[in-house]
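Peer 1: Just the structure for this:
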Amino acid sequence: MIHVFGADEHISHDHFLEQMFRLRARVFKERLNWEVNVDNGREVDRFDRCDPLYLMSINEETGKLQGSLRLLPTTGPNMLRDVFGALLPQGNIVESPLIWESSRFCIDPDLAAQPGRLNNVTTELFSGVVEVGLFAGLDTVVSVYDARMVRIFRRASWAPRPIGVPTFFGGVLTHAGMFEISDLARERLGKAGDHPDPVVMGLHARSPRPVLNAQASIRK
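Peer 2: Predicted coordinates for the structure are as follows:
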């Protein structure tokens, strides 16, 4: 199942946050050799201080984190605008209360899928993004991703609409794209990853306040 942690829930879920930051260090620094800062085995950046939402796939039997990602509204600090702005056509920005950014997507390397097949955790997280987006009233999620993710998005039937021109950052060919948030997108992801039922735990039973907190704080 996917768990959503808002800015006001971080203290009570510190154990999962610790797992997430350590997983990010394993994936981005050790495996992909990205130019990220790692301190005491944890990868944390300045956008983690911007009241993001975290989506985490947690094994309900073991309590172990399987994968995670981060969501931020584009009306505030975000990686596309503040780090990867060169990807956008000159003078263009992506900024709307109906568009959030997804970043720091990672999967436990020990759970790698068989060649040519989709990782179940991958499609679960993608489905979670769409479910949270629909709940929050979004119509689009924007993301920066590397070339290896292009074929994964296609296999998941959630191919983005490219924006700008792919550019090398730190030796990595980097893309930006817009992802549809709709019931149809959720249906396609459900079929691609065999997730016909909701994947986000308790989303529709909870108050929307934690989910909308980041967006509301920026829009004031």
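Peer 1: quick one: buried residues of stretch 81-89?
Peer 2: Across stretch 81-89, burial judged by 16 or more other Cβ atoms under 10 Å covers 81, 83-84, 87-88. The way it works is simple: take the backbone N, C-alpha and C, and place the C-beta from them, glycine included.
Peer 1: ignore the last one, stretch 107-117
Peer 2: 107-108.
Peer 1: How about stretch 25-33?
Peer 2: For stretch 25-33, by 16+ other Cβ under 10 Å, it's 25-29.
Peer 1: which outside residues touch that stretch?
Peer 2: 34, 36, 38, 41-43, 104, 106-107, 109, 146, 172 (Cβ atoms under 8 Å, 6 or more residues apart in numbering).
Peer 1: Type out the ChimeraX command that picks the buried ones from those.
Peer 2: Command for ChimeraX, covering only those of the contacts of stretch 25-33 found buried under the criterion 16+ other Cβ under 10 Å:
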select :34,36,38,43,104,106,107
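Peer 1: What ranges does the protein have for its helices?
Peer 2: For the chain, the helices defined by DSSP state H cover 14-24, 79-82, 120-136, 148-155, 183-193, 209-219.
Peer 1: now the ones you listed as CSV including mean pLDDT and distance to residue 1?
Peer 2: Shown next, in CSV, are these (pLDDT from 0 to 100; distance: least, Cβ to Cβ, whole Å):
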stretch, mean pLDDT, distance to residue 1
helix 14-24, 94, 12
helix 79-82, 96, 27
helix 120-136, 97, 8
helix 148-155, 94, 21
helix 183-193, 97, 14
helix 209-219, 42, 16
